[in-house]
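K.L.:
Sequence first, then the predicted structure, then my questions.
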Amino acid sequence: MPLNQPIASLRGRTVWVVGGSAGIGMALAQQALAQGARLIVSGRRAQALAEAFPSEAVRFEAVRREVLDITERGGAQRVLDGLAADGWLPDLVFWVAGDYKPQPIEDFQVEDARQVIETNLLACYDGLRALLNHWLPLAPARAAQGVPRFHVCWFSSVAGYRGLPLALSYSASKAGLNAMAETSFVELKPKGIDVSLVCPGFVKTRLTDGNDFKMPALISIDEAAEQTLRGLARGEFEIHYPKRFTWFMKVLRVLPHGLFFWLMGKTRRPHQD
């Protein structure tokens, strides 16, 4: 049985992609638009949004651009209040925005760790609170009318399965997001709101371009977007890809600590020792 209400098509949905000016978010936003969704796309910089989604689509009222820095306290609430007032309240949200930087243990800076955790985890709580303020009062009526359920899709990472080398704050932030998604799924399901969690492996983006190591099973942003939508169509809670890599990461999650630490030690580069 599907854990969520399957989403076979985005036609007729009002879709908000948070972090949609580049990377997986941009690919998802483009596919949502191609499928006939009303699209809200957010990012930190107005210029990047305008380049990714030019004025023609906006003029025909298919796209609405909203500048949002997710680390701005109350920013998500401000944007959602404006959307709701204009009849653009989203019923499907892809929260893709995040931050990543490799952090060798001997060189890590506390402020860098704080920034990663604030962006990848704490900002999600701000977004969740804002969504629930609007969705919870409306969800029972939607269920009675038989219309699609509200749905929020959080983007995490397989780095949240276990603590990985060079990911001191990134793994911690994504593990926290995984737990938040699981808890909110259990509590929101009876209230008419679906939650899903996307845990990709390596996807070629601006963030992963900063890695100086070989990334196994690297995929494109378009493939990541397609895999995400397939998972939603199957009604999955956790959507992970590419399977040839993510199943290996799932095995690591259940290994005894001694074996896991030994394997991770083998991945360290010689100049790190």
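P.N.:
Okay, I see it. Numbers count the residues shown, from 1 in each chain.

K.L.:
Identify each buried residue in stretch 124-142, please.
P.N.:
In terms of neighbour count (16 or more other CB atoms under 10 Å), stretch 124-142 has its buried residues at 124, 126-128, 130-132, 134-135, 139, 142. Bear in mind the C-beta positions are built from the backbone N, C-alpha and C, glycine included.

K.L.:
Give me the mean pLDDT for stretch 75-89.
P.N.:
Averaging pLDDT along stretch 75-89 yields 98.

K.L.:
Contacts for that stretch next, please.
P.N.:
14, 16, 18, 38, 40, 42, 64, 66, 68-70, 90, 123, 126-127, 129-131, 133-134 (CB atoms under 8 Å, 6 or more residues apart in numbering).

K.L.:
go again using 10 Å as the cut-off
P.N.:
Residues from elsewhere that reach stretch 75-89 (CB atoms under 10 Å, 6 or more residues apart in numbering): 14, 16, 18, 38-40, 42, 61, 64, 66-70, 72, 74, 90, 93, 95, 123-131, 133-135, 138, 150.

K.L.:
now the chain, which segments are flagged as low pLDDT?
P.N.:
Scanning the chain for pLDDT under 70 picks out 56-61, 206-216, 268-273.

K.L.:
let's see 80
P.N.:
55-61, 202, 204-217, 266-273 (pLDDT under 80).

K.L.:
quick revisit: format the buried residues of stretch 124-142 as CSV; extra columns: distance to residue 101 and secondary structure.
P.N.:
Formatted as CSV, the buried residues of stretch 124-142 follow (distance: CB to CB, whole Å; DSSP: H, G, I helix; E, B strand; the rest coil):
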residue, distance to residue 101, secondary structure
124, 18, helix
126, 21, helix
127, 22, helix
128, 24, helix
130, 27, helix
131, 28, helix
132, 31, helix
134, 33, helix
135, 33, helix
139, 37, helix
142, 40, helix
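
K.L.:
between those, which is closest to residue 243?
P.N.:
Checking the buried residues of stretch 124-142 against residue 243 by CB to CB gives residue 124 as the nearest, at 25.3 Å.

K.L.:
I'd guessed that closest one sits against residue 179; true?
P.N.:
No - the pair formed by residue 124 and residue 179 falls short of the contact definition of CB atoms under 10 Å, at 11.1 Å.

K.L.:
Could you tell me which residues touch both of those two?
P.N.:
Common neighbours of residue 124 and residue 179 (CB under 10 Å, 6+ apart) are residue 156.

K.L.:
Nearest to the spatial middle of this structure, which residue is it?
P.N.:
Centroid-nearest residue in the chain: residue 155, 2.1 Å away (criterion: CA atoms, centre = their mean).

K.L.:
Helix, strand, or coil at residue 9?
P.N.:
At residue 9 the chain is in coil, as set by DSSP: H, G, I helix; E, B strand; the rest coil.
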